[in-house]
Every structure is written in C-alpha cells, then in structure tokens.
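> Could you look at this predicted model? Sequence included:
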Amino acid sequence: MRSTRIAPLVAISAVATLVPALTPAVASAAAPEARRTVSADPLRQYTRQTPRWKRCEAEAPANFECATLKVPLDYTRPGGRKLDVVVSRVKATSPQKRRGVLLLNPGGPGGPGLDMPLWMAPELPTAVKEQYDLIGFDPRGVGQSSPVSCGLNEEELNWQRPYKAATFDKDVRWARTVAEKCRAKGGDVLPHLTTRNTARDMDVIRAVLGEKKISYLGYSYGTYLGAVYTQMFPKRTDRFVLDSAVDPQRIWRGMIQVWAEGAEPAFKRWTEWTAARHAMYGLGDTPAEVGTTFWDLVARADREPIDFQGTLLTGDDIRAGRAVFFDVKGAAEAIVELRKAAEGTPAPAPSRRSQAPRHVPPSFARAVPSDNSDAAFWSVACADTRSWPRDPEQYRRDAIRDKARYPLYGDFASNIKPCAFWKNGSEPATKVNNSVGALILQNEWDSQTPLVSGQGLRRTMKGARMVTVLGGQGHGIYGSRSCADTTATAYLTTGRLPAADATCRATPDQARNRLDLPLPTPPGLPGLHRS
C-alpha cells in the first residue's frame, strides 16, 4: 500500500518513516496430449521462452543478471498484443543446497521490484541465500516492464484530498480528469493491469525458469499478489512469506479506508505514551491534554498556516501525516517541533533516510514516465475490483460520515477517487479462500497495513499461520532483525510452519527498527510510507 499527500509534517520527524484462472494452467512441461497441437497449449510460446541473461549493469555485481520476457496483454487472447516483463536474479550461493527460486515483490501497487535481489540480499540470512535463487521483477506496467503513464501533472498526482463542501465539486472534476487522462493514454492496456494478470505473469516466470513450484516473499501489496497466486495456482505454491498484509476482502477502497480506522487507536496510544512523558515533551500530562495540544495546532494551522522550514502547513496537511502516530516517540518529537514552528522557533532540518540507488540495466533501459508509480497504482486499484461506487454523492456521504468517525483521516480516505470513473477491469476480483500453507507476518502498529488487515488475510487463508509482533512498529518485518525473523527463516529453509498462530514481543530497539526497503517515496510524504 502507498500513500500520497503534500504534507511536510512528516519531515519534522527524524525517526518517522505501504478462483481459478481463465486460461489453461501454465506448465513448464506440457502433457503429451497438450503437445500435439499449439491450440491445446496456447501459452506455449510464453512458457517455453529461453531467457537471455545479461549482467544488469556494469557497476552492479556480476551475479546480478537481467532478462526480458514476453507475456500476453490479455491471457484470453494469447496471440494478441504482448508486454515486456523484465526479470532479475542472483543465483543461490550453494548449488548443492539449492532448493529453487524465491520471487520477491516490494509492494505498491506500482512498486518496481527488479532490484530487490540486490538490496534484499544483505538483509536475508545466509541459509536462505544458499537455497534460493533470488528473483526480482517489475510487474506489468511498472518500471522497465512496459511502463504505463497517464500524463499526470503535479496537482493531479495529489490524490489524498480532505472532504470540504466548498471543494467537493473540484475534487470530482479532479477524479474524472485523472480517469480520462489515463484512459486516453492507455485505455486498451488498463483493463489488463490487474493483480490476477500479474499472478499469471509470475507463473510464466516460474515456467520459464523451469520450476515446478515457486517460493515467494512479498511485502504490503505483495501479500495480496501472493495470496492471489495461491488461489489461482495452489499446486505451484511452495513456501510463501506474506509480510505486512493486505486484507483481500477490502481491496481497494477498503484498504485506503483502513488507514483512517487504524489511525485512531494509534493516536490514542500516542496520547497515553506522551502524557506519561510530560516532563520530557511538555505536550500535556494527561492523554486528553496531549490530544488537545495536537488539535489546537491543527485548528491554528487552519486559521493561519504554520511556516515550517519555508513550507506553509495547513491543518489538513497536519492531519494527512496520520502515519506518524504509529511511532510514538517519533510522533512526540514531531509535534514538539511543529509547536515550536507555530511559536516562531525555527525547526531543525530533517534527516533524510538513505535509500539504495535504483540500478537501471542499460541493456533493458527505457525511460520510465514520471507518473508511472501513480498511473500503475490507479490502474491496479481501479481494475482489480468492481466494488468502487460510481455515484459521487456516495463519496460525499461517506466522507462526511467517516470524518466524524475517524477525525484524523476519515474524510481523506473516503473522499472521491479516480476509480469512480474508471472502466471495469477485464475480470472480477479474486475471492481468496483456500487452505494453502503460507506464513503471514504482521506488526501490531503498522500504519499502511494495520493489524486488522493482516488478520483479514489470515481468515481467508485457512492453511496459513500468522506471527504478530506485539509492540512492533513499521511496515515490513522480515529482514529487520525482528523477533519474527527466526520463524520466517525456519519456514523458508525447512518448510515447517508454526503449529498455530503465534505472537512475539518486540524489544524497545526492535519496536523502532525499520527494514527500510527502498520503495518509491510517495510525493510529499518522505519517510512515512515505511511506518
């Protein structure tokens, strides 16, 4: 999941950081009957490709290889238009211990994953790297894989809009404009940029690599992609780790709305924590007083924007930083600095979280449109499901209702989105309901996929087990030296799931640790997409 809003509040916190297939099953080796005619195996031209591996980049390690595969735009018409899917790999470090491939996805929708083998390798245990080829890929429509664009300008990229009666008609025009611009630039492609088709692409990758099954590590949106794969290809699913989970029953409007639902208990927890440390932060010695301090700042910024490091923050900008409250210490520090700015005291320059540079392989390089991440996000979010309301007045009513229910963020989450005017995707959403084995990892305090979201995925995957990190903060667990890492490594290397759902408790250091995956930073929210 991802979050976009021009809200520099987050910069003041140095520590605050988202059914069966319609076509015949893809197989790496067709049955004798299927080999008799091409029509019996319509995907043969894709599953029998020979990847031409090349060093991804001269400056990158020699073992980091890339190849371009072809996949059908429409799997019901495999002879039609084709898309590129660019794949990367780092081979298992021990040929003797090699088990297979571990596909990786960083989240999104719209997150590129081509470089994941490179920057995940230092985070993964040696035992995992010995057994698996690490496989990255940019999903269809993203990055180097036939990237889409809607030609959106800066204002059109700002999609988190608070509900106000005076501006609602403008927001409706914005949503319609985004949908129309996307349709004008890629109307023939957009219906096929779905999670189901990306899962089919994953199965083509599996077949091309000569594997009977794949293992998988997916974060955030990648958990939904992984869950859909288990539903569509259960017999080709090996060991799946689904980290920081999306609830399949809430895609996608519900997963934006869950940000508002999850923010309220996080805010309450923060007021309690901060009140107990009034001597340190001076924001109030009761939870009610801490809350009043915050809302007074919001009201003050609504009357006259607060100048913070040369940027004027409105009350809406401050509310849009709701994710900061999932990190209690970071939030306390942030609000202290915001109050200083409101009182005319200059705030210190924010520290920037380092991110691994993105390596673009010259042999495959194509210009990636500046709005690719957002265009891909809307393409998947709108085409994946047909549950988006079509009546703008429904959004108005929901936004008014949810602002009262969830004061921090409810109107942002429920206000109108471009999906209200999007054409249907090529097929309905996948109903995930299976007994395939998988391991779900979930932090108790995750702002992008809150705990209730992980619990929702667990209910739909009856054969899975879930490890909840009590006190855990941040979005992304495995590789962060969390107390859940040992369980995940044991599962990937031995195949053994816990006998039952489990919990472990984060130490204070672990609670504040970040995996720090170099996901695309949402515009205006530097650092917050990871907490």
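Sure, I can see it. Bear in mind the structure is a predicted one, so any value in this text is a computation, not a measurement. Numbers count the residues shown, from 1 in each chain.

> can we go C-alpha only for contacts and neighbour counts from here?
OK.

> Longest helix in the protein, please.
helix 253-275 (DSSP state H).

> Need the contact partners of the helix or strand following it.
Once the chain leaves helix 253-275, the next helix or strand it forms, by DSSP states H and E, is helix 278-281. Identification of contacts with helix 278-281 by Cα atoms under 8 Å, 6 or more residues apart in numbering yields Thr274, Gly284, Asp285, Ala332, Glu333, Val336.

> can you list these in JSON lines and add pLDDT?
What follows is the contacts of helix 278-281, written out as JSON lines (pLDDT from 0 to 100):
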{"residue": "Thr274", "pLDDT": "98"}
{"residue": "Gly284", "pLDDT": "98"}
{"residue": "Asp285", "pLDDT": "97"}
{"residue": "Ala332", "pLDDT": "97"}
{"residue": "Glu333", "pLDDT": "95"}
{"residue": "Val336", "pLDDT": "96"}
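
> before we move on, back to that, would you indicate which residues of the longest helix of the chain are buried?
Buried residues in helix 253-275, counting neighbours by 16 or more other Cα atoms under 10 Å, are found at 253-264, 266-275.

> Give me the helices and strands touching it, please.
Helix 253-275 is packed against helix 287-303, helix 328-342, helix 410-414, with contacts defined by 3 or more Cα pairs under 8 Å, 6 or more residues apart in numbering; DSSP states H and E.

> Flag every buried residue along the second one.
Okay, so that is helix 328-342. For helix 328-342, burial by neighbour count (16+ other Cα under 10 Å) applies to 328-339, 341-342.

> Quick one: neighbours of Leu114, just the number.
30 (other Cα atoms under 10 Å).

> SS state for it?
coil (DSSP: H, G, I helix; E, B strand; the rest coil).

> Please report how far it lies from Ala381.
The gap separating Leu114 from Ala381 is 21 Å, by Cα to Cα, to the nearest Å.

> again, but for Ala399
As judged by Cα to Cα, Ala399 and Ala381 stand 19 Å apart.

> And the helices in the stretch 401-531 of the chain, which stretches?
Remark: helices assigned in the stretch 401-531 of the chain by DSSP state H, counting those that start in this stretch are 410-414, 451-460, 485-494, 508-511.

> Rebuild those helices as CSV, extending it with mean neighbour count and distance to Asp74.
Shown next, in CSV, are the helices of the stretch 401-531 of the chain (neighbours: other Cα atoms under 10 Å; distance: least, Cα to Cα, whole Å):
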stretch, mean neighbour count, distance to Asp74
helix 410-414, 28, 32
helix 451-460, 21, 27
helix 485-494, 18, 33
helix 508-511, 15, 44
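
> Now the weakest link among those, please, by mean pLDDT.
When the helices of the stretch 401-531 of the chain are ranked by mean pLDDT, helix 508-511 comes last with a mean of 70.

> Point out where this protein drops to low pLDDT.
For the chain, applying pLDDT under 70 flags the ranges 1-39, 346-365, 510-531.

> Let's verify Met120: helix, strand, or coil?
What three-state DSSP gives for Met120 is helix.

> Neighbours of it, how many?
Neighbour number of Met120 under other Cα under 10 Å is 17.

> Show the contacting residues for it.
Contacts for Met120 (Cα under 8 Å, 6+ apart) come out as Gly479.

> And it, how close does it get to Asp446?
20 Å.

> How about Pro139?
From Pro139 over to Asp446 the distance is 24 Å, taken as Cα to Cα.

> what sits against Pro234?
Val436.

> So it versus Thr292, what's the distance?
Using Cα to Cα, one gets 51 Å for the distance from Pro234 to Thr292.

> now do Glu261
Glu261 is 20 Å from Thr292, by Cα to Cα.

> Output stretch 55-65 as CSV, nothing but the C-alphas.
Provided in CSV are the C-alpha atoms of stretch 55-65 (Å, rounded to 0.1, in the frame of the first residue of the first chain):
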residue,chain,number,x,y,z
ARG,A,55,24.7,-8.5,-16.5
CYS,A,56,22.2,-5.9,-15.3
GLU,A,57,24.7,-3.1,-15.0
ALA,A,58,28.4,-2.7,-15.3
GLU,A,59,28.7,-1.2,-11.8
ALA,A,60,26.5,-3.9,-10.2
PRO,A,61,27.8,-7.3,-9.1
ALA,A,62,28.5,-9.7,-11.9
ASN,A,63,26.0,-12.2,-10.4
PHE,A,64,23.1,-9.7,-10.7
GLU,A,65,21.6,-10.7,-14.1
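
> buried ones in stretch 312-327?
Neighbour-count burial for stretch 312-327, counted by 16+ other Cα under 10 Å, picks out 313-327.

> Inside strands: which ones of these?
Leu313 (DSSP state E).

> tell me which of the buried residues of stretch 312-327 is nearest to Phe168?
Asp316 (14.7 Å; Cα to Cα).

> How about the contacts made by that closest one?
If you count contacts by Cα under 8 Å, 6+ apart, Asp316 has them with Pro162, Val298, Asp302.

> Surely Ile205 forms part of a helix?
Yes. Under three-state DSSP, Ile205 sits within a helix.

> Would you map the strands across the stretch 401-531 of the chain?
Ranges of strands within the stretch 401-531 of the chain are 439-445, 465-473, 502-505, based on DSSP state E, counting those that start in this stretch.

> Point out the most buried one among these.
strand 439-445 (a mean of 28; mean count of other Cα atoms under 10 Å).

> Just the residues contacting that strand, thanks.
Around strand 439-445, the neighbours that count as contacts under Cα under 8 Å, 6+ apart are 240-245, 266, 326-327, 450-451, 454, 458, 464-475, 477-478, 484, 488, 491, 497.

> So what's the residue count around Leu193?
If we define neighbours as other Cα under 10 Å, then Leu193 has 27 of them.

> quick one: it and Pro139 touch, right?
No. Contact criterion Cα atoms under 8 Å: Leu193 and Pro139 do not qualify, at 9.2 Å.

> and Ser145, that's in a helix?
No. Secondary structure of Ser145 (three-state DSSP): coil, not part of a helix.

> want to throw the contacts of helix 278-281 into a markdown table with distance to Ser387?
Shown next, in a markdown table, are the contacts of helix 278-281 (distance: Cα to Cα, whole Å):
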| residue | distance to Ser387 |
| --- | --- |
| Thr274 | 40 |
| Gly284 | 43 |
| Asp285 | 45 |
| Ala332 | 38 |
| Glu333 | 40 |
| Val336 | 41 |
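
> Quickly check the residues you listed for the two that are furthest apart.
Distances among the contacts of helix 278-281 were taken as Cα to Cα; the most separated pair is Asp285 and Glu333, at 15.7 Å.

> Ser387: what's it in contact with?
Residues in contact with Ser387 (Cα under 8 Å, 6+ apart): none are found.

> three-state assignment of it?
Classification of Ser387 using three-state DSSP returns coil.

> Of all the strands of the stretch 401-531 of the chain, which one is nearest Lys129?
strand 439-445 (18.4 Å).

> now the angle from the closest one to strand 465-473?
Angle, strand 439-445 to strand 465-473, by axes from the mean of the first three to the mean of the last three Cα atoms, to 10 degrees: 20 degrees.

> just the CA coordinates of strand 439-445, formatted as PDB?
What follows is strand 439-445, C-alpha atoms only, in PDB (Å, rounded to 0.1, in the frame of the first residue of the first chain):
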ATOM      1  CA  LEU A 439       3.400 -17.600   6.700                       C
ATOM      2  CA  ILE A 440       1.900 -14.100   7.400                       C
ATOM      3  CA  LEU A 441       4.000 -11.600   9.400                       C
ATOM      4  CA  GLN A 442       2.400  -8.600  10.900                       C
ATOM      5  CA  ASN A 443       3.500  -5.700  13.200                       C
ATOM      6  CA  GLU A 444       1.000  -4.600  15.800                       C
ATOM      7  CA  TRP A 445       1.500  -1.000  14.900                       C
END
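
> Tell me the strands beside that strand, with direction?
strand 237-243 (parallel), strand 465-473 (parallel) (DSSP bridges).

> Between those strands, which one is closest to Glu180.
Nearest of the strands paired with strand 439-445 to Glu180, taken as Cα to Cα: strand 237-243 at 34.3 Å.
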